[in-house]
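S.K.: Could you work out the structure for the sequence below:
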Amino acid sequence: MSISTIKYHETYFPKPDLNPIIDKPTFESFYQLIFDLRFNSQPVHSNLGGESHGYIGLVLTLVQYAIQSQTPQYVLPAHPDVLAIPALTTRLA
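M.R.: Sure thing, here's the model as predicted:
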């Protein structure tokens, strides 16, 4: 049995490869990174933030999110806890 590998960043994100900031960050490079993160977070459908805006609340300020949403504040999803892998667990090939 084989497990298929899905490249989520290529399948679901409009901009799968973000522009790296190589040297000292400039306003333009930082703004482009924020724009790309927002652009990629919009198509991720989720109601974890309290509404249907998905994960956009992770990359917006509280004021920006309140303007877009009926919910005044983005509700962060709970952290699922530390991943515990039992000893002597084998990997599926």
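S.K.: Quick one: name whatever helix or strand follows the helix or strand bottoming out on mean pLDDT in the chain.
M.R.: Lowest by mean pLDDT, DSSP states H and E among the helices and strands of the chain is helix 8-12, with a mean of 73. Going down the chain from helix 8-12, the next helix or strand is helix 27-41, by DSSP states H and E.
S.K.: what stretches of this structure score poorly on pLDDT?
M.R.: Flagging of the chain using pLDDT under 70 yields the residue ranges 1-4, 45-54, 72, 77, 92-93.
S.K.: For the residue positioned nearest the centre of it, give me its contacts.
M.R.: Nearest to the geometric centre of the chain sits S41, at 5.5 Å (C-alpha atoms, centre = their mean). Applying C-beta atoms under 8 Å, 6 or more residues apart in numbering, one finds that S41 lies in contact with G54, Y55, I56, L58, V59. In this view, the C-beta of every residue, glycine as well, is placed from N, C-alpha and C.
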